[in-house]
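Asker: For reference, the sequence and a predicted model appear below.
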Amino acid sequence: MHLLLKGIAIGFAIAAPVGPIGALCIRRTLADGRLVGLASGLGAATADGIYGAMAAFGLTAVSAFLVGQRLWLGLVGGIFLLYLGVTTFVARPASATLPLSPSGLPKAYGSTLVLTLSNPVTILAFAAIFAGLGITAGSDHGQAALLVLGVFLGSAGWWVILSVGVSASRGWFSDRGMCWVNRIAGVVIAGFGLVALLNALR
């Protein structure tokens with residue numbers, strides 16, 4: 001139970017800083033509703049769980065390979081963020097869009113899963129946090145699984161809080177307000193994309 005609580009705290013702390021996924025989740029929640037925002041967040045939580053598992057189980061070969069490919073992953077992630085930023089900027093207000101199709105939730109989930117996985121340096125962050133807390137990678141598979149479960153639950157918990165909180169304020173925005181939400185979110189997401197590209201090319 002102690003390791004589970006540690007994992008929850010780590011997952012929450014990793015997910016909480018507002019970055020491109022946070023901006024995307026906020027915008028999707030406002031534009032398409034709570035479920036789409038939550039699906040987007042759960043995609044990021046799944047990626048956090050995957051990278052947390054690599055660090056917890058000591059999968060050094062896979063981790064080293066992914067970190068070694070951070071140039072290409074950074075380029076793909078940066079281009080994807082630029083694309084999302086532009087499409088978000090020009091998107092119509094929520095009231096002018098069609099109802100969400102059944103494929104919308106898997107698409108929202110998959111896009112943030114891929115985006116979060118495009119930053120393999122997250123593995124190093126987990127490894128550093130685990131080491132700082134005295135958690136030895138791969139020492140006990142049962143304990144490692146409990147820790148990874150906690151990481152996923154903590155990350156998912158943050159996205160639940162964010163999507164529910166943002167959804168509660170959805171009625172405050174007029175069509176004009178949603179246009180500005182789209183524009184601001186688009187600029188922020190595209191900005192993160194440019195930073196990702198620059199970091200990858202350095």
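Answerer: Here it is on my side, so go on. Numbers count the residues shown, from 1 in each chain.
Asker: Which element, helix or strand, includes the residue positioned nearest the centre of the chain?
Answerer: With distances taken as C-alpha atoms, centre = their mean, residue 44 lies nearest the centre of the chain, 3.2 Å away. Per DSSP states H and E: residue 44 is located in helix 34-56.
Asker: Run through the neighbouring helices and strands of that helix.
Answerer: Judged by 3 or more C-beta pairs under 8 Å, 6 or more residues apart in numbering; DSSP states H and E, the packing partners of helix 34-56 are helix 2-15, helix 20-32, helix 60-68, helix 104-117, helix 121-132, helix 141-168. All C-beta spots, glycine's among them, are computed from the backbone N, C-alpha and C.
Asker: export it as PDB, just CAs?
Answerer: This file holds the C-alpha atoms of helix 34-56, laid out as PDB (Å, rounded to 0.1, in the frame of the first residue of the first chain):
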ATOM      1  CA  ARG A  34     -15.900  16.000 -20.500                       C
ATOM      2  CA  LEU A  35     -15.600  12.500 -22.000                       C
ATOM      3  CA  VAL A  36     -13.300  13.700 -24.800                       C
ATOM      4  CA  GLY A  37     -11.200  15.700 -22.400                       C
ATOM      5  CA  LEU A  38     -11.000  12.700 -20.100                       C
ATOM      6  CA  ALA A  39     -10.200  10.300 -22.900                       C
ATOM      7  CA  SER A  40      -7.300  12.700 -23.900                       C
ATOM      8  CA  GLY A  41      -6.000  12.700 -20.400                       C
ATOM      9  CA  LEU A  42      -6.200   8.900 -20.000                       C
ATOM     10  CA  GLY A  43      -4.100   8.600 -23.200                       C
ATOM     11  CA  ALA A  44      -1.400  10.600 -21.400                       C
ATOM     12  CA  ALA A  45      -1.900   8.600 -18.200                       C
ATOM     13  CA  THR A  46      -1.400   5.400 -20.100                       C
ATOM     14  CA  ALA A  47       1.900   6.700 -21.600                       C
ATOM     15  CA  ASP A  48       3.000   7.700 -18.100                       C
ATOM     16  CA  GLY A  49       2.300   4.200 -16.900                       C
ATOM     17  CA  ILE A  50       4.300   2.700 -19.800                       C
ATOM     18  CA  TYR A  51       7.300   4.800 -19.100                       C
ATOM     19  CA  GLY A  52       6.900   4.300 -15.400                       C
ATOM     20  CA  ALA A  53       6.900   0.600 -16.000                       C
ATOM     21  CA  MET A  54      10.100   0.800 -18.000                       C
ATOM     22  CA  ALA A  55      11.800   2.600 -15.200                       C
ATOM     23  CA  ALA A  56      10.300   0.400 -12.400                       C
END
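Asker: quick one: that helix to helix 2-15, angle?
Answerer: Helix 34-56 and helix 2-15 are oriented at 120 degrees to each other (axes from the mean of the first three to the mean of the last three C-alpha atoms, to 10 degrees).
Asker: Next, the angle helix 20-32 makes with helix 34-56.
Answerer: Computed by the same axes, to 10 degrees, the angle separating helix 34-56 from helix 20-32 equals 160 degrees.
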